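>>> how would this look folded up:
(one chain, ligands or ions: 1)
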Amino acid sequence: MQLDPAELQKIGSAIQKAQNILIITHKSPDGDTMGSGLGLYHSLKALGKNPVVSCIDPTPPDFAFMPEIETFQRGVEHINYDLFFIVDCGATHLTGQHEAFPELFDGSREVINIDHHPTNTRYGKYNLVVTNAAAATMIVYQMLADLELPITRDVATCLLTGLYTDTGSFMHSNTDVDAMLIGSKLLAKGANLRSISKEIFNTTKISTMRLWGRVLKNTYQTDEGVTMSVVTQKDFQETGADYSEMSGAVDYVNSVPNSLYSVILTERKDIVKGSLRTLNEDVDVSAIASQYGGGGHVKAAGFAVKGRLEKEVKWKVVE
Ligand SMILES: [Mn+2]
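Okay, the predicted model is just below:
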């Protein structure tokens with residue numbers, strides 16, 4: 001992976017000058033944003049800096065294996081920092097901080113934007129946006145390697161977590177030469193692959209089993225070949241599952257043969273979230289999601305609209 005040398009040089013000197021550094025991850029955190037944030041935290045700490053890693057939402061319990069995940073600070077109280085990293089955030093509002101701290105996005109602050117979403121508007125003062133990178137943690141890895149910053153065992157475990165989750169354990173179509181190459185370099189640095197695969201891919205809570213049962217029961221295919229499922233607020237209540245337990249469900253639904261693409265609609269209070277996936281070469285689900293004000297990647301995207309789900313009952317006359 002090739003990063004812009006001029007941008008790298010500016011980022012290198014910004015890091016050198018800074019002491020207190022705030023790292024911001026996206027809301028509803030996933031393995032990639034947490035891996036990027038916590039990986040940076042460990043590297044900056046090893047460098048002798050004073051980093052803080054934050055997220056507006058709590059970190060999901062499945063990621064408890066990540067080294068020092070308890071260091072995550074919930075939300076941002078002030079922005080009296082020398083330098084900021086914003087990681088894996090395709091849009092400023094995903095930080096949850098765009099209204100409280102708009103000055104983070106007006107170019108007046110030392111903000112490094114590291115991301116791989118095509119929708120990214122390059123809102124940072126410095127931007128490392130690589131849209132063909134399978135994970136934001138790959139960009140973090142390349143930046144640390146190029147700037148010769150510490151990549152300890154803990155850094156490597158965090159970064160591999162992001163790569164592992166964003167490629168669906170190296171099974172999604174974004175798994176390319178760079179993903180494998182950086183994956184192997186992280187393994188060589190001592191990343192704990194065993195705990196990543198065990199905790200994330202081979203552990204399923206009973207509430208998740210029950211929730212996915214609802215998802216699978218509700219799965220159907222339209223005449224156009226769109227594989228769909230729905231989950232209501234009631235499903236969450238009755239199974240005792242939380243929203244984070246939907247993670248991965250749409251990929252499973254997407255495994256139905258000959259799907260044009262797959263959608264799961266999830267009711268969350270007064271919002272309906274749509275998650276889209278496709279394995280089809282000719283389908284761009286980010287374009288479909290953008291029709292509903294969402295976005296994402298070509299093969300994986302999402303949107304959220306106000307409203308709730310209502311079952312349409314069709315009556316017919318039978319003898
Ligand atoms: Mn990501």
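
>>> now the strands: where do they sit in the stretch 151-300 of the chain?
220-221, 226-231, 261-268, 271-277, 295-296, 300-306 (DSSP state E, counting those that start in this stretch).

>>> Where among the ones you listed is average confidence lowest?
Mean pLDDT per stretch puts strand 295-296 lowest among these, at a mean of 89.

>>> ok, that one: who's next to it in the sheet?
strand 300-306 (antiparallel) (DSSP bridges).

>>> Grab the nearest non-local neighbour of the residue in the stretch 1-150 of the chain that the ion sits nearest to.
For the stretch 1-150 of the chain, the residue closest to the ion is residue 32, as judged by Cβ to the ion, at 3.4 Å. For glycine as for every other residue, the C-beta is placed from the backbone atoms N, C-alpha and C. Nearest non-adjacent residue to residue 32, counting by Cβ to Cβ, 6 or more residues apart in numbering: residue 162, 3.8 Å away.

>>> Can you pull the residues of the stretch 1-150 of the chain lying near the ion?
Selection of the stretch 1-150 of the chain residues close to the ion by Cβ under 5 Å from the ion yields 32, 88, 136.

>>> The last one contacts residue 86, doesn't it?
No - because the distance of 10.1 Å does not satisfy Cβ atoms under 8 Å, residue 136 is recorded as not touching residue 86.

>>> more crowded one of the two?
Taking neighbours as other Cβ atoms under 10 Å, residue 136 and residue 86 compare with residue 136 leading, 32 against 28.

>>> Which residues are in contact with the more buried one?
32, 33, 35, 36, 87, 88, 114, 115, 116, 162, 166 (Cβ atoms under 8 Å, 6 or more residues apart in numbering).

>>> got a pLDDT number for it?
98.

>>> Can you tell me, leaving aside adjacent residues, what's nearest to it?
Residue 136 sits nearest to residue 88 (Cβ to Cβ, 6+ apart), 3.9 Å away.

>>> Next: residue 260.
residue 225 (4.0 Å).

>>> what's around that neighbour, how many residues?
13.

>>> measure it to the ion for me?
28 Å (Cβ to the ion, to the nearest Å).

>>> Quickly note the distance from the residue of the stretch 1-150 of the chain closest to the ion to residue 51.
18 Å (Cβ to Cβ, to the nearest Å).

>>> okay, those two: which has more neighbours?
Neighbours per residue (other Cβ under 10 Å) separate residue 32 from residue 51, with residue 32 holding more: 28 against 23.

>>> Touching, the more buried one and residue 139? I think so.
No - under the criterion of Cβ under 8 Å, residue 32 is not in contact with residue 139, lying 10.3 Å apart.

>>> Which helix or which strand is home to residue 51?
strand 50-55 (DSSP states H and E).

>>> got the contact list for that strand?
By Cβ under 8 Å, 6+ apart, strand 50-55 touches 19-27, 29, 33-34, 37-38, 40-41, 44-45, 71-76, 81.

>>> now stretch 167-181
So stretch 167-181 is contacted by 1, 132-135, 138, 163-164, 166, 183, 197, 201, 248, 251, 279, 297, 299-300 (Cβ under 8 Å, 6+ apart).

>>> give me that answer again for 6 Å
The contact list for stretch 167-181 (Cβ atoms under 6 Å, 6 or more residues apart in numbering) reads 1, 134, 201, 251, 299.

>>> Give me the buried subset of these.
1, 134, 251, 299 (16 or more other Cβ atoms under 10 Å).

>>> Out of these, which sit inside helices?
If you go by DSSP state H, the buried ones among the contacts of stretch 167-181 have residue 251 in helices.

>>> Identify the farthest-apart pair in the buried ones among the contacts of stretch 167-181.
Farthest-apart pair in these is 1 and 251; separation 24.6 Å (Cβ to Cβ).

>>> separation between residue 114 and residue 245?
Distance from residue 114 to residue 245, by Cβ to Cβ: 28 Å.

>>> Please say which of the two ends up with more neighbours.
The neighbour count for residue 114 versus residue 245, taken as other Cβ under 10 Å, is higher for residue 114 (29 against 22).

>>> how close does the nearest residue to residue 214 once chain neighbours are set aside get to the ion?
Once flanking residues are discounted, residue 214 sits nearest to residue 235: 4.5 Å by Cβ to Cβ, 6+ apart. Using Cβ to the ion, one gets 26 Å for the distance from residue 235 to the ion.

>>> Residue 297 - nearest residue in space that isn't next to it in sequence?
Using Cβ to Cβ, 6+ apart, the nearest residue to residue 297 is residue 286, at 5.9 Å.
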